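> mind looking at a prediction? Sequence and model below.
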Amino acid sequence: MTVGVLQTVTRETFWTIGPVGEAVFYFLAAVAVLVFSYGVYERFARYARGTDDPFERLDDLPGRLRRAVRLLVSNEAQFDRDPYAGVMHAFILWGFLTLLIGTTILAIDIDIYRRLTGTSFFVGDFYLSYSLVMDALGLLFVVGVGMAIYRRYRVREERLWGKHTGFEDDAFVWTLFLLGVGGYLTEGLRIVGTGFPSFETVSFVGYFVALVLDAGGMSAGTAEAVYAWSWWSHAILALAFVAAIPYAKPFHMLSSFANIVTYDERAGRRLPRVPADLAPDEIGYTGVEDFSWRQMLDMDACTKCGRCSSACPAKASGRNLDPRDVILDLKAYRESVDAGGDEVDIIADGGGVIAAESMESCMACMACMDACPVDIEHLTHFTEMNRRLTETGQQPEQVQEAMMNVFQNSNSFGDPQRTRADWTEELAFEVPDAREESVEFLWYVGDYPSYDERNQRVARALARIFHEAGLSYGILYEDEGNDGNDVRRVGEEGLYEMLVEENAQIMAECDFEKIVCTDPHSYNTFANEYPEMATEMDVDFDYPVFHYTQVLRTLVDEGRLDLGSVDRTVTYHDPCHLGRYNGVFEPPRELVEATGADLVEMPRNRDDSFCCGGGGGGLWLDHDEHTKPSEERLREATEDTVRAPEQFVVACPMCATMYEDGRKTGGFEEELEIVDVTELVVEALDAGAGRAGGDTDGTTPAAAD
């Protein structure tokens, strides 16, 4: 095309609308922007009235923004566990952003550039490129919304429906669909009404609509007459949508991005402290005035997608917990109180906004948080409600008994502290005492490996491995106390702080370099919570912390363990506190493979692992009226009939306890054996010793003779 012809390649934005119509449009647009701005202001003013958040949320803001933009553009969180939803959301997001940017560009040309220069850049090659991109990405937008409508109304995806599903959800998805389709209809009418300009073929979707209208008998005059109605319908719907954003579900387009930007990367792994100046009757969620600005942002960021609900093992087991409903119930209550409604107890046994039973059902596994695409920190809310239950004496009797045992004897069993190291007596060698000699590793054994008969075998197996490898290690014997990880997660913050102080002080009196833990729960709290809290208590706690699988993997890599081959098929279960909490996935698997065992993965593994049911106090509670998560997990492990595993391998004492129970109650005793990674490694050690003609009794290493 020549330059002169290119200058005529454009379209008239207000074709057939006229000066009066244009003025009315600008007036309505101004009203929409004002309503939108006021709504956003009101939202953020409400956040400002919330309590302070205890964590730094805006440090390294450029880095936080980069992460948020990457997650937004890539849609990786939506693709996780659900490729269909990932594609759907990507189409909607990319299409919506393109249409928004395209509308902004057009406004800049009409309202700024033309008024300043007297010319337009919305012509020629720019117009053609603009039209092609807008039609292509707009088509993706319509397809994406169509996929959403199909899944919601035709497939009726279960997780999309719930107690908080309502008119605003229907209005949101259908408004998006009408905006997308209405834009193409308006474009098609304009093309018919202007006589099918040849250059408009670049707007291939609109041109196709125009051809359909033409084939249906629509004349240019009719199209011109109908165009204004279509244009105004589309414009008013778009402006109404903009105005409604802060007041309904569309606000998640802003709040979810803000939520991702202000996310605490250690959320759940560490919990906020109770402010020192709070009285007992003020601890936990007592009313909406206790919500921090970030907790309110969490509530507003929820899109009702139900990913947390579908990932929750408590809900899957039939317990009274739906993470989505908890967040949305809190939001609905806050909005009700803000509007002048009556205040009631937020959490209570037999009443309240949230039932106490819901919090009793939570396993603190963080599956809900891992599944959430907008970084809602469910566990922070749940902990605040657990603290309230604790302060009001409403925790279940079993939990209260366990807490009393920890308080009196520093272990959840209530056994005498002097018997904590009795498990060492069956060993043919003496376990070093870290209180009396310098060691490289302080081995924190934990409650269950110390007192529970099943897990004492794990402790003895690990001691043997450390001994045979010549590792410099020692334990605290009767001075070791409960680590407090689950104490904190059931809401006993005061007891947790006492345990931190006691454990940190006894460790400070020892000479060691690193900590190695048997239990992932201990590993988590030592690595993520003790350092900050101990510092506030003026106690030093600055040690590298490892789970035993990480240390054993290093010993194998260094050739310090002579492993033979264990010839069997096994599967490995990722403990929540080791895997999902702290990202330790490969060391246990590499250890299993080092033993020669054939490792078969379960469908849900690594981040998607299914909780055993023991976390968050679940180990102390009785939920016999519901399906046990451990039974569901063992059922999953036995589904592969081609490569059926003979052993179910764990790396957590709580998991061992829960799965031994589930194996019996679920009828899996003939199908699977529950073994810890340490026990598998010891068997491989015996195989290696047998190959060399050494002692292979599995209890006493040849090196100890």
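That came through fine.

> list the buried residues in the longest helix along the chain.
Assignment by DSSP state H gives helix 18-48 as the longest helix of the chain. Neighbour counts using 16 or more other C-beta atoms under 10 Å place 25, 28-29, 32, 35-36, 39-40, 43, 46-47 of helix 18-48 among the buried residues. Backbone N, C-alpha and C define where each C-beta goes, glycine included.

> and those residues as a markdown table, adding distance to residue 673?
A markdown table is the format used below for the buried residues of helix 18-48 (distance: C-beta to C-beta, whole Å):
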| residue | distance to residue 673 |
| --- | --- |
| 25 | 73 |
| 28 | 71 |
| 29 | 70 |
| 32 | 66 |
| 35 | 65 |
| 36 | 62 |
| 39 | 60 |
| 40 | 59 |
| 43 | 55 |
| 46 | 55 |
| 47 | 53 |
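
> tell me the one among those residues nearest to residue 56.
residue 47 (16.6 Å; C-beta to C-beta).

> so what's that closest one closest to, chain neighbours aside?
Distances taken as C-beta to C-beta, 6 or more residues apart in numbering put residue 293 closest to residue 47, at 4.0 Å, once the chain neighbours are dropped.

> for that neighbour, give me phi and psi.
phi -60, psi -30 (degrees, to the nearest 10).

> quick one: contacts for it?
By C-beta atoms under 8 Å, 6 or more residues apart in numbering, the residues touching residue 293 are 47-48, 50-53.

> what's the answer for residue 594, then?
553, 556, 563, 681, 684.

> how about those in CSV, adding pLDDT and neighbour count?
Shown next, in CSV, are the contacts of residue 594 (pLDDT from 0 to 100; neighbours: other C-beta atoms under 10 Å):
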residue, pLDDT, neighbour count
553, 96, 21
556, 95, 22
563, 91, 21
681, 96, 26
684, 94, 23
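
> please identify which of those residues is nearest to residue 157.
Using C-beta to C-beta, the contacts of residue 594 come closest to residue 157 at residue 553, 40.5 Å.

> does that closest one touch residue 589 like I think?
No: at 9.4 Å, residue 553 does not count as touching residue 589 under the criterion of C-beta atoms under 8 Å.

> how far off centre is the helix or strand harbouring residue 408?
In this assignment (DSSP states H and E), residue 408 forms part of helix 397-409. Relative to the chain's own centre, helix 397-409 is displaced by 30 Å; criterion: C-alpha atoms, centre = their mean, to the nearest Å.

> stretch 85-95 now?
20 Å.

> name the residues that touch it?
72, 75-76, 78-80, 137-145, 147-148, 151, 176, 180, 305.

> and what about residue 612, helix, strand or coil?
Using DSSP: H, G, I helix; E, B strand; the rest coil, the structure places residue 612 in coil.

> pull the contacting residues for it.
So residue 612 contacts 573, 575-576, 629-630, 633, 650, 652, 654-655, 658-659, 662 (C-beta under 8 Å, 6+ apart).

> next: residue 186.
227, 230-231, 234.

> same question for residue 480.
Residue 480 sits in contact with 420-421, 444-445, 450, 503, 506, where contact means C-beta under 8 Å, 6+ apart.

> what of residue 221?
Counting by C-beta under 8 Å, 6+ apart, the residues that residue 221 touches are residue 193.

> buried sites along stretch 274-290?
Those would be 274, 283-286, 288, 290, for stretch 274-290 by 16+ other C-beta under 10 Å.

> which residues are contacting that stretch?
Contacts for stretch 274-290 (C-beta under 8 Å, 6+ apart): 51, 291, 333-334, 337-338, 343, 346-347, 381, 384-391, 491, 493-494.

> for this structure, which spans come out with low pLDDT?
1-7, 624-625, 690-705 (pLDDT under 70).

> let me see the domain layout of it.
16-46+185-262, 60-161, 288-391, 410-546, 553-704 (automatic domain parsing).

> need these in JSON lines (columns: distance to residue 169).
Listed next are those as JSON lines, based on distance: least, C-beta to C-beta, whole Å:
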{"stretch": "domain 16-46+185-262", "distance to residue 169": "6"}
{"stretch": "domain 60-161", "distance to residue 169": "8"}
{"stretch": "domain 288-391", "distance to residue 169": "7"}
{"stretch": "domain 410-546", "distance to residue 169": "33"}
{"stretch": "domain 553-704", "distance to residue 169": "26"}
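
> where do the strands of the stretch 1-150 of the chain begin and end?
For the stretch 1-150 of the chain, no strands are identified by DSSP state E, counting those that start in this stretch.

> picking up where we left off before, can you tell me which helices and strands the helix holding residue 408 packs against?
helix 493-508 (3 or more C-beta pairs under 8 Å, 6 or more residues apart in numbering; DSSP states H and E).

> okay but residue 113 is in contact with residue 120, surely?
Yes: between residue 113 and residue 120 there is a contact under C-beta under 8 Å: 6.8 Å.

> the contacts of stretch 85-95 in helices, which ones?
72, 76, 78-79, 137-145, 147-148, 176, 180.

> burial measure for residue 13, as a count.
14 (other C-beta atoms under 10 Å).

> repeat for residue 555
Number of residues near residue 555 (other C-beta under 10 Å) recorded here: 18.

> gap between it and residue 234?
Distance from residue 555 to residue 234, counting by C-beta to C-beta, to the nearest Å: 68 Å.

> do residue 160 as well
In terms of C-beta to C-beta, residue 160 sits 27 Å off from residue 234.

> how about residue 552?
Counting by C-beta to C-beta - residue 552 and residue 234 are separated by 65 Å.

> cool, and residue 688?
Counting by C-beta to C-beta - residue 688 and residue 234 are separated by 75 Å.

> swap in residue 207?
Residue 207 is 18 Å from residue 234, by C-beta to C-beta.

> do residue 193 as well
Distance from residue 193 to residue 234, by C-beta to C-beta: 15 Å.

> who's more crowded, the two?
For residue 193 versus residue 234, the count of surrounding residues by other C-beta under 10 Å is larger for residue 193: 22 against 19.

> show the contacting residues for that one.
15-16, 220-221, 223-224, 227.

> if you drop the residues flanking it in sequence, what lies closest to residue 465?
residue 681 (5.9 Å).

> surely that neighbour is in contact with residue 596?
No: taking contacts as C-beta under 8 Å, residue 681 lies outside contact range of residue 596: 11.0 Å.

> now do the shared contacts for those two.
Shared contacts of residue 681 and residue 596 (C-beta under 8 Å, 6+ apart): residue 563.

> all helices for the stretch 401-550 of the chain, in order.
447-451, 453-469, 485-489, 493-508, 520-528, 530-536, 548-557 (DSSP state H, counting those that start in this stretch).

> out of these, the one nearest residue 104 is which?
Of all the helices of the stretch 401-550 of the chain, helix 520-528 comes closest under C-beta to C-beta, at 42.9 Å.

> what is that closest one packed up against?
helix 485-489, strand 514-517, strand 545-547.

> circling back to that earlier point, rebuild the helices of the stretch 401-550 of the chain as JSON lines, extending it with distance to residue 314.
Formatted as JSON lines, the helices of the stretch 401-550 of the chain follow (distance: least, C-beta to C-beta, whole Å):
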{"stretch": "helix 447-451", "distance to residue 314": "22"}
{"stretch": "helix 453-469", "distance to residue 314": "24"}
{"stretch": "helix 485-489", "distance to residue 314": "14"}
{"stretch": "helix 493-508", "distance to residue 314": "22"}
{"stretch": "helix 520-528", "distance to residue 314": "18"}
{"stretch": "helix 530-536", "distance to residue 314": "28"}
{"stretch": "helix 548-557", "distance to residue 314": "27"}
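
> looking at the ones you listed, which is closest to residue 102?
helix 520-528 (45.1 Å).

> which residues touch the closest one?
266, 269-270, 444, 446, 483-486, 488, 515, 517, 543, 545-547, 575-578, 581-582, 584, 615, 651-652, 654.

> among these, the buried ones, what's the PyMOL command?
Burial among these is assessed by 16+ other C-beta under 10 Å; the matching PyMOL selection reads:
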select buried, resi 269+270+444+446+483+484+485+486+488+515+517+543+545+546+547+575+576+577+578+581+582+584+615+651+652+654
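
> many thanks, we can stop here.
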